[in-house]
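[1] The following comprises the amino acid sequence and a computationally predicted model.
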Amino acid sequence: MCHFLFKYNNYGFLPLLNASITQMMVKYCELFYSFLKIGTFTIGGGYAMIPIMEQELVDRRHWMSRDEFLDQLALSQSMPGVLAVNMATGLGYRLRGLRGAVSAIAGNIVMPIVFILVLAILFRHFRDNIYVERFFMGVRPAVVALIAAPVFRLAQSAKITWSTCWIPILSALLIWLFDVSPILIILAAVILGFAYGRVKLRIKN
Amino acid sequence: MLFLQLFWTFLKIGLFTFGGGYAMIALIQNEVTVNHAWLTSQEFTDILAVSQMTPGPVGINTATYTGYTAVLNAGYDTWLAVLGALMASAAVILLPVVLMVIAVVFLRKMQGNKDIENVFRVLRMTIVGLIAAAALQLLTVDSFGQPAFSLQFILSIAIFVAVFALSLKRVSPILLILVAGVLGIIIYSMIPM
């Protein structure tokens, strides 16, 4: 069905229709299919998915300009939630409204969910298998290391300095040693950031 | 009741996740292993391993698998566990999706607002702390073995150091997980525990 419809969309006209790229009627099933591919074949989460999304939507399908894609990326990163799903929501909505957003999200997450459920059900049966247990004995310290490593990379890109390094350190200690909910820490960070900006502004004036 | 709690918990997690999957790990971990004790720390570590090795957004994978395990651990059957998994992943995306649609309609771009820039400058630093906390909380006997001179402990430390170093050099995490697992099978099979 998708292929049948696809033939009658003349993408050759697109460069002439610059102004109305987003008004073009992208089919729901095409949107679903594109995000299905993106969701099914990228391992490694949101950040691995972004370049693949860009390639599919901007370069291959010409559904939107690169600027519009990058605007959506900036917006997705500044909103709460899973990055890949935020991208699917925003891009789907820009292309075809609410139903477009739903098609894109569904395409993006349906296969990963099916895949993980099948694995989870199978894993219950093999959990006591000695080789599976040995596999996970090797894997567990590796997983901890994989979570510890980005801390240092992110610390650089967050531009943490000597005067601000207490923020991540205090947050980590409160959560780790005192079981403070990370939700409270996030709320405190939002308030602190807002208040800091306002106070700085007032001092300047 | 468990299902309502599960839904509510993942609704909260979705709303407070900023900065991608790794930041979400700290939130899920605190809620499901500390607050509600639905999962053991070891089960959670295994879920993280599987979630990173399978395709799709890591946050969705982790939410799905966590929902499944939490229901199963409470003594329900597989199909209710599947329902729990679907509920957890639906809950985790619900509020962000609504907010994103509102943002696209009203903002389209988020630039130039000084308040938002300041909030995000502090948020980015906080998230580094959140991820560090997630890693620290996983440093347990469950994952590493007893810290006496057991073979498992020494091997675990070796794997940790090697994976940490290689990950900083941007070696693929999937490859690192697989190699660590195969090493586990080979070494623990050769030496009787």
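    Right, received. Where do you want to start?

[2] mind checking which helix or strand of the chain has the lowest mean pLDDT?
    Just so you know, I chose chain A. Sorting the helices and strands of chain A by mean pLDDT, DSSP states H and E puts helix A:2-7 at the bottom, at a mean of 35.

[3] ah, no, chain B please
    Per mean pLDDT, DSSP H and E, helix B:141-144 ranks last in chain B, at a mean of 78.

[4] Distance from that one to the middle of the chain?
    Remark: helix B:141-144 is offset 17 Å from the chain centroid, using CA atoms, centre = their mean, to the nearest Å.

[5] That helix - contacts with which helices or strands?
    helix A:130-157, helix B:41-53, helix B:151-168 (3 or more CB pairs under 8 Å, 6 or more residues apart in numbering or on different chains; DSSP states H and E). Bear in mind the C-beta positions are built from the backbone N, C-alpha and C, glycine included.

[6] Report the angle between the first one and helix B:151-168.
    Between helix A:130-157 and helix B:151-168, the angle formed by their directions is 40 degrees, by axes from the mean of the first three to the mean of the last three CA atoms, to 10 degrees.

[7] ok, now the second one?
    Compare the direction of helix B:41-53 with that of helix B:151-168 by the same axes, to 10 degrees and you get 30 degrees.

[8] Kindly export helix B:41-53 (C-alpha atoms) in CSV.
    Provided in CSV are the C-alpha atoms of helix B:41-53 (Å, rounded to 0.1, in the frame of the first residue of the first chain):
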residue,chain,number,x,y,z
SER,B,41,19.7,-3.9,42.2
GLN,B,42,21.0,-6.9,40.3
GLU,B,43,17.8,-7.3,38.3
PHE,B,44,18.0,-3.6,37.4
THR,B,45,21.6,-4.0,36.2
ASP,B,46,20.6,-6.9,34.0
ILE,B,47,17.8,-4.8,32.6
LEU,B,48,20.2,-2.0,31.8
ALA,B,49,22.5,-4.4,30.0
VAL,B,50,19.6,-5.8,27.8
SER,B,51,18.2,-2.4,27.2
GLN,B,52,21.4,-1.1,25.7
MET,B,53,22.0,-4.2,23.5
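
[9] Could you list the buried residues of stretch B:135-145?
    For stretch B:135-145, burial by neighbour count (16 or more other CB atoms under 10 Å in any protein chain shown) applies to B:135-138, B:143-145.

[10] Output the contacting helices and strands for the longest helix along chain A.
    The longest helix of chain A (DSSP state H) is helix A:83-126. Where contact means 3+ CB pairs under 8 Å, 6+ apart, helix A:83-126 is packed against helix A:28-41, helix A:46-54, helix A:66-77, helix B:41-53, helix B:58-73, helix B:78-106.

[11] Output stretch B:78-95 as CSV, nothing but the C-alphas.
    Provided in CSV are the C-alpha atoms of stretch B:78-95 (Å, rounded to 0.1, in the frame of the first residue of the first chain):
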residue,chain,number,x,y,z
THR,B,78,3.3,-13.3,32.2
TRP,B,79,0.3,-11.6,30.4
LEU,B,80,-0.3,-9.2,33.2
ALA,B,81,3.4,-8.5,33.2
VAL,B,82,3.2,-7.7,29.5
LEU,B,83,0.3,-5.3,30.4
GLY,B,84,2.5,-3.7,33.1
ALA,B,85,5.3,-3.3,30.6
LEU,B,86,3.0,-1.5,28.1
MET,B,87,1.6,0.7,30.9
ALA,B,88,5.1,1.7,32.0
SER,B,89,6.2,2.7,28.5
ALA,B,90,3.0,4.5,27.8
ALA,B,91,3.2,6.4,31.1
VAL,B,92,6.8,7.4,30.5
ILE,B,93,6.0,9.1,27.2
LEU,B,94,2.5,10.5,27.9
LEU,B,95,3.4,13.8,29.5
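
[12] mean confidence for that stretch?
    Taken as a whole, stretch B:78-95 has an average pLDDT of 95.

[13] Just give the closest residue to the residue nearest in space to the middle of chain B, not the sequence neighbours.
    For chain B, the residue sitting closest to the mean C-alpha position, by CA atoms, centre = their mean, is B:Ile25 at 3.4 Å. Residue nearest to B:Ile25 in three dimensions, not counting chain neighbours: B:Ala134, with 4.6 Å by CB to CB, 6 or more residues apart in numbering or on different chains.

[14] where does chain A dip in pLDDT?
    Along chain A, segments meeting pLDDT under 70 span A:1-24.

[15] care to break it down by domain?
    Listed by automatic domain parsing, the domain ranges of chain A are A:2-124, A:148-204.

[16] who wins for proximity to B:Gly59 among those?
    Nearest to B:Gly59, of all those, is domain A:2-124, at 3.7 Å by CB to CB.

[17] May I see the buried residues of stretch B:135-145 arranged in TSV, with distance to B:Val122 as well?
    Output for the buried residues of stretch B:135-145, formatted as TSV (distance: CB to CB, whole Å):
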residue	distance to B:Val122
B:Ala135	21
B:Leu136	21
B:Gln137	22
B:Leu138	25
B:Ser143	31
B:Phe144	33
B:Gly145	38
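
[18] for those residues, which one is nearest A:Arg94?
    Nearest to A:Arg94 out of the buried residues of stretch B:135-145 is B:Ala135 (CB to CB; 36.5 Å).
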